[in-house]
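Below are the sequence and a predicted model; questions follow.
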Amino acid sequence: MRINDNDNDDHQLSTPPKHLVFAYYITGHGFGHATRVVEVTRHLISAGHDVHVVTGAPDFVFTSEIQSPRLFIRKVLLDCGAVQADALTVDRLASLEKYSETAVAPRASILETEVEWLESIKADLVISDVVPVACRAAADAGIRSVCVTNFRLFSALVFTKLT
């Protein structure tokens, strides 16, 4: 317990911040998502929390920037991202087919595995950038979830769907 002094020299007892366990699911599509997550993860760890990163992205994206026993990396591909001919051209049909193979067809087993895993690490919050099945797994495990991304269109679609 900490004692905080205020201007009147009265002593108030306050509880220390709660240690939280975050499960952070990141799409393996490109390095943009993973490199953005590094900064959020670094902040959460510096605040004293544990972060379990779940991704198909290479470990070095995280371990080269964060050296902490509070960082855990679990290599799992749960979101394939878009199939692209080049940096600007998305093959929509191929993307949907790949996503179906990766996340739709095995959905039941993915959800079962993820719910078990989330319970085993005693996750307090699931964060997703953006792996849709992570939010469903969180809901099935009774854990809150949030999506973090920088794509305005995606944010608008999620907001519209939730309201």
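Perfect, thanks for sending it.

For burial, what's the neighbour tally of the nearest residue to residue 101 once chain neighbours are set aside?
Spatial nearest neighbour of residue 101, excluding adjacent residues (CB to CB, 6 or more residues apart in numbering): residue 80 at 7.9 Å. In this view, the C-beta of every residue, glycine as well, is placed from N, C-alpha and C. Residues lying near residue 80 (other CB atoms under 10 Å) number 18.

Verify the contact between residue 80 and residue 100 for me.
No - between residue 80 and residue 100 there is no contact under CB atoms under 8 Å: 9.6 Å.

who's in contact with the residue nearest to residue 101?
The neighbours of residue 80, taking CB atoms under 8 Å, 6 or more residues apart in numbering as the test, are 27-29, 95, 98-99, 101-103.

Next, work out how far apart residue 20 and residue 45 are.
11 Å (CB to CB, to the nearest Å).

ugh, wrong one, I meant residue 66
Distance from residue 66 to residue 45, by CB to CB: 6 Å.

By neighbour count, which of the contacts of residue 80 wins?
residue 27 (25 neighbours).

got the phi/psi numbers for it?
Backbone geometry at residue 27, expressed as degrees, to the nearest 10, gives phi -60, psi 150.

Then residue 81?
Here is the backbone geometry of residue 81 (degrees, to the nearest 10): phi 70, psi -160.

among the helices and strands of this structure, which has the poorest mean pLDDT?
Taking mean pLDDT, DSSP states H and E as the measure, the chain has strand 2-5 as its least confident helix or strand, at a mean of 39.

Contacts only, for the most centrally placed residue in the chain.
Central residue of the chain (CA atoms, centre = their mean): residue 24, 2.4 Å from the mean position. Residues counted as contacts of residue 24 (CB under 8 Å, 6+ apart) are 37, 40-41, 51-54, 126-129.

and it, that one's in a strand?
Yes - assessed with DSSP: H, G, I helix; E, B strand; the rest coil, residue 24 lies in a strand.

which non-adjacent residue is nearest it?
residue 127 (4.6 Å).

mind checking pLDDT for residue 154?
For residue 154, the pLDDT comes out at 47.

and what of residue 82?
pLDDT at residue 82 comes out at 85.

quick thing: my sequence starts at 325, can you match it?
With 325 as the first residue, the last one maps to residue 406.

ok but residue 376 is inside a helix, no?
No - counting by three-state DSSP, residue 376 is not part of a helix but strand.

Could you check the helix or strand hosting residue 365 and say which residues are buried?
Residue 365 is part of helix 356-370, with elements assigned from DSSP states H and E. For helix 356-370, a neighbour-count test (16 or more other CB atoms under 10 Å) marks 357-358, 361-362, 364-366, 368-369 as buried.
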